[in-house]
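**Student:** No letters, just coordinates:
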């Protein structure tokens, strides 16, 4: 994936929207000493290039759902194919290829045990190349924060 | 934590904001056949009770940062205390108490190796009660989605 | 599996029979203020739909037997087929598909080491799809209790 | 624990009651060619000495409950003390001291995630001497059978 | 393997030879109050039926050798075939099929690192069906004792 | 431990006795072209310096016993103390300090499950410094051979 | 540790010396189009600031030595102290604090098994805070290369 | 690999060059009381037979690079083939076949996360026969020393 360039103004705008995704562009513009049109244009670009999404986020646990994480070990030549197949499952909210003691990290959100059985046994485990699937159940979320301070990423020359 | 009650209208509003956190309340009101004031009031309640946050989210990887997950095993009588101490660290963006082959899941976002060394060795590992810390480095995020469909949660009588 | 509906009276009857499986229906009927015929009818339904079995239970250890638990890791597309094949073995008293650090939990009851060797090496391990089999030997049972209090399960409309 | 002696007639009676715990003593007596009084007396002894219990058994999953297994590693000098403390918890239905890759096997039956969090984090994990607790969630029970054929255990001279 | 019957006199003779494999038969006969011919005959039978071997034993470490143990995980349908193939290797002094967290335990005695590399990489690991091979190096032997007290094994009727 | 010196003649004698521990010294002397007195003297020295023992060896499994291996992880400053305490237990036939994924390897031979429970739970696990004890049950011994060819160990100058 | 600044000329010089540590400075100067004095001065600085060492390297295996790697798990508040204590041992040639499934990676080079026993059991394992020590023996080195191409590191302003 | 013979003078020369790879041959010759020509000849032989390399070594971390270690489990009949294929990768600086809880140890040096993703996922993991790849990230190097004292290796007769 081509990295998007980010300058100080982009980062300041992202900072505002990480605190309040609905903050008025006029307020941001005033704070940064730029025009509202400039804020609007930059936000549009950040959204279009998928650097940010502005969305309602919540903990599945607060919504009465079962939230689990599944750690996959995968046959080496199937790594990206498995990651993509898992990402296509509706009950999967998160997929990362990672380096460590397993290969792919998967977030799963379901409504009840029957749906969990179905997604794990009939869908995740049957994807060709999945060797092992370790399962962890979230009991309580203490922090889920989106306010990372980005680094400046220079515009390629 | 007391669960908030959620009715069908709340869930429909959340659905709209999961797709676009800045969607105009008039558009949502029109779609659901209710007044804009009602949408505004319900969103305010959902935000105030922390059922949802409306924020700019992005992948730390797209912002040029190092994103890792750390899995802690903890002395039994220190479980919640460790989880709280980890959540207080600035570089930690995520903390979950979980059931499975370890006890606490921690997300870490840092700018470089020195900061990673510092947060892991000088901060996470020195919290009293931390027994083991397994580390995984995110290489590529394929999906990070917030569009869980909530369950209705009846208002307590 | 279709869940059976359970009302408060069913649950109260189950409670009686969890304490003493041979309790007279007249005693149960008197306690609940319903007719003996009604108790008899409900017990018959609970037995017929396999919600309960009324049986003599005992610890294999008290009967001079070897009791072990075997934890299987299985090829993903063979999970339910392996579970069914294991369940068909006479020396296997328990089979569960589970989520965690392995896939299938198997209880094994045998008379001596030769029978254990035979069931593990010649039968369990040779079922196609079994990848790993971890073995645990029960040394002493401290509790084996059947008095779970069920939840009401509404009759589907 | 002193082993109870078991002769062929005891074993035959247990066999009848493993199939149907409410089978009439007259039917058993007729089948074995002994008096009903003798059957009644032997069953009373088998119950009094805890060789068998006659009870209604069912799968927690069929009763709408969450059923899990927890594997404990324990400090060596606390092994039996931990096993006893765990057995005292109301949500624990099963406790075994075992030999293998962990020390104590615990069955847990709860009504929802909050109760699971409470029993695991506030009760099981805080018992002094518990070092690690691995967690497995039952998704589907394929077999749960109580018809072990006992071995004859000679009456001590 | 058919178990050999062992009576009290066999066990007493084995006890003598476990202490000193060259003890004179006359001395054993005198101690047990039987004839030397009877001792000779019984020892011959115990040797012929492989119940005992009378041999010089020593620690490979005291002989200037490298002694290691290798733990194999094996494909289920290859378990006995792998055990037999491993037992055929000259550098292997011990092979056991076992139940636990792996399948086959192998003792290896070699003269130097090159021979270790050869036996592990070119011979043990290339046997079809060997999945994993965990390696342990003996540093110091504190006890290696052959004086187990056997149980009486009745002669089959 | 001081290594004993071994010359070619010692090694040839050991070779004879590894095949048959009761082989007549005259036969060995004749084969090696030395005097019987010389053989007798060398064997006496090999026995006295514990380079070899001449004993009856057998498989505990053939004697109707339970044979298990226990792998200990131990607190670092207690390693040799634990190894010595384990070696003092009567049911322990083998103790090795080793390098690999655990610290001490222990062989255990017992008569029944009650003795196994006692030795593991009341004795091995309660030795101060024992952190973990992994258990493996021998099902079948395919090879147990004592015919290692020693290396010459020069007599120190 | 303060990072040294590295410019393109430093990197080119390092590249020359990674191939041949004794390459004449005149040859390097000629290749880079700078004066020999400049090369000499820069190499002196790279050596003085420990960016490079120019040394004879070899595989311990080729020198007839035993080479092993030990992976330590350490109590969290002792991590750097343990790493320093291990680094002080003469037989230790390599120490790294790392993130993953253990905490400290240690290279060990010894002459024989007795020295290995001594360094592992009497020295590494007795350092306060060492919890586990996993051991791996090098059998064959296929590549050991020092020709990393460095990145430019700007001189701090 | 044929071991090179090493005598005391070779070892003394190696000792000088392990401290300073550019030490003048005249200085070494003077210290050992031999001619400079002899030192030059022996160094040339030690280099030609690959007993030593004289090179600039440095820590990848000091050069602003990412340094990691990857532990591979490999299909048995592919062990040496995998080791060779891994050694062919440009980002791999170290490959060892080892005995322990995995099969091959791999050092990896890359410039950024994208290169790490590429080498691990597209190259290492896709080599046929690689079953598992465990990843560890170096955070800080405390010691990296090349001054092993070699053993004399007699010239074969």
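**Tutor:** Ah, there it is. What you see is a predicted model, and the numbers here were worked out from it, not measured in a lab.
**Student:** Next one: residue A:55 from residue B:78, what distance?
**Tutor:** Per Cβ to Cβ, to the nearest Å, residue A:55 is found 35 Å from residue B:78. Placement of C-beta: from N, CA and C, glycine included.
**Student:** These two: who's more crowded?
**Tutor:** More neighbours surround residue A:55 than the other of residue A:55 and residue B:78, with 24 against 18 (other Cβ atoms under 10 Å in any protein chain shown).
**Student:** The more buried one in helix, strand or coil?
**Tutor:** Classification of residue A:55 by DSSP: H, G, I helix; E, B strand; the rest coil places it in strand.
**Student:** Could you list which residues are in contact with it?
**Tutor:** A:21, B:17, B:18, B:19, B:20, B:21, B:54, B:55, B:57, B:146 (Cβ atoms under 8 Å, 6 or more residues apart in numbering or on different chains).
**Student:** which one of those residues sits closest to chain G?
**Tutor:** residue B:57 (25.6 Å; Cβ to the nearest Cβ).
**Student:** if I read this right, the closest one contacts residue A:53, doesn't it?
**Tutor:** Yes. With contact defined as Cβ atoms under 8 Å, residue B:57 reaches residue A:53; the gap is 5.3 Å.
**Student:** Quick one: classify residue A:132 as helix, strand or coil.
**Tutor:** Residue A:132 falls in the strand class when you classify it by three-state DSSP.
**Student:** Around chain G, which positions in chain A sit nearby?
**Tutor:** Residues of chain A lying close to chain G (Cβ under 8 Å from any Cβ of the partner chain) are A:100, A:101.
**Student:** quick one: the spatially most central residue of chain A from chain E, how far?
**Tutor:** Geometric centre of chain A, nearest residue: residue A:94, 6.2 Å, by Cα atoms, centre = their mean. Residue A:94 sits 30 Å away from chain E, going by Cβ to the nearest Cβ, to the nearest Å.
**Student:** Could you do residue A:55 as well?
**Tutor:** Applying Cβ to the nearest Cβ, the value for residue A:55 to chain E is 44 Å.
**Student:** next one: residue A:68
**Tutor:** Taking Cβ to the nearest Cβ, one finds residue A:68 at 25 Å from chain E.
**Student:** same deal with residue A:67?
**Tutor:** With Cβ to the nearest Cβ as the criterion, residue A:67 and chain E are 31 Å apart.
**Student:** And residue A:132, by the same measure?
**Tutor:** 13 Å.
**Student:** now residue A:97
**Tutor:** Distance, residue A:97 to chain E, by Cβ to the nearest Cβ: 24 Å.
**Student:** Can you show me the helices along chain A?
**Tutor:** All helices of chain A, identified by DSSP state H, fall at A:8-19, A:25-32, A:36-48, A:79-87, A:113-117.
**Student:** average pLDDT across the second one?
**Tutor:** What that stands for is helix A:25-32. What helix A:25-32 shows for mean pLDDT is 96.
**Student:** hmm, what's the outermost residue in chain A?
**Tutor:** Quick read of chain A (Cα atoms, centre = their mean): farthest out is residue A:33, 31.0 Å.
**Student:** So between residue B:57 and residue A:53, which is more surrounded?
**Tutor:** Just comparing residue B:57 and residue A:53: by other Cβ under 10 Å the higher neighbour count belongs to residue A:53, 22 against 19.
**Student:** quick one on the thing from earlier: residue D:135 is nearest to which of the helices of chain A?
**Tutor:** helix A:113-117 (14.2 Å; Cβ to Cβ).
**Student:** The closest one near chain B anywhere?
**Tutor:** No. Judged by Cβ under 8 Å from any Cβ, helix A:113-117 stays clear of chain B, getting no closer than 11.3 Å.
**Student:** What residues does residue A:89 make contact with?
**Tutor:** A:119, A:123, A:124.
**Student:** out of the residues you listed, who's nearest chain D?
**Tutor:** Using Cβ to the nearest Cβ, the contacts of residue A:89 come closest to chain D at residue A:119, 10.5 Å.
**Student:** Neighbours of the closest one, how many?
**Tutor:** 22.
**Student:** and if you look at the one 5 residues further on?
**Tutor:** Neighbour count for residue A:124, taken as other Cβ under 10 Å: 24.
**Student:** Tell me the pLDDT of it.
**Tutor:** 96.
**Student:** So it is in contact with residue A:68, correct?
**Tutor:** No. Applying Cβ under 8 Å, one finds residue A:124 not in contact with residue A:68, separated by 10.7 Å.
**Student:** Quick check: neighbours shared by the two?
**Tutor:** Common neighbours of residue A:124 and residue A:68 (Cβ under 8 Å, 6+ apart) are residue A:108.
**Student:** What distance do you get for the closest residue to residue A:50 other than its chain neighbours to chain C?
**Tutor:** In space, residue A:50 comes closest to residue B:62 once its chain neighbours are excluded; the distance is 7.4 Å by Cβ to Cβ, 6 or more residues apart in numbering or on different chains. Distance of residue B:62 to chain C, given as Cβ to the nearest Cβ: 32 Å.
**Student:** State the number of residues packed around the closest residue to residue A:10 other than its chain neighbours.
**Tutor:** Among residues not flanking residue A:10 along the chain, residue A:42 sits closest, at 6.0 Å (Cβ to Cβ, 6+ apart). Neighbours of residue A:42 under the rule other Cβ under 10 Å: 20.
**Student:** same check, this time on residue A:105
**Tutor:** Look at residue A:105: counted by other Cβ under 10 Å, it has 22 neighbours.
**Student:** repeat for the one 10 residues further on
**Tutor:** Taking other Cβ under 10 Å as the criterion, the count of residues near residue A:115 is 15.
**Student:** State the distance from the residue of chain A found nearest chain E to chain B.
**Tutor:** The minimum distance from chain A to chain E, using Cβ to the nearest Cβ, falls at residue A:131 (11.3 Å). Applying Cβ to the nearest Cβ, the value for residue A:131 to chain B is 16 Å.
**Student:** any idea how far that residue is from residue H:132?
**Tutor:** Applying Cβ to Cβ, the value for residue A:131 to residue H:132 is 8 Å.
**Student:** Need the residues touching each of the two.
**Tutor:** Residues touching both residue A:131 and residue H:132 (Cβ under 8 Å, 6+ apart): residue A:73.
**Student:** How about the contacts made by the nearest residue to residue A:23 once chain neighbours are set aside?
**Tutor:** Closest residue to residue A:23 apart from its sequence neighbours, by Cβ to Cβ, 6+ apart: residue A:16 at 5.3 Å. Residue A:16 sits next to A:23, A:27, A:28, A:31 when contact means Cβ under 8 Å, 6+ apart.
**Student:** For PyMOL, write the select line for the buried members of the residues you listed.
**Tutor:** Entered in PyMOL, the line below selects the buried ones among those, by 16 or more other Cβ atoms under 10 Å in any protein chain shown:
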select buried, chain A and resi 23+28
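**Student:** Phi and psi next, for the residue of chain A found nearest chain F.
**Tutor:** In chain A, the residue found nearest to chain F is residue A:101; the distance is 14.5 Å by Cβ to the nearest Cβ. Dihedral angles phi and psi of residue A:101 (degrees, to the nearest 10) take the values phi -90, psi 0.
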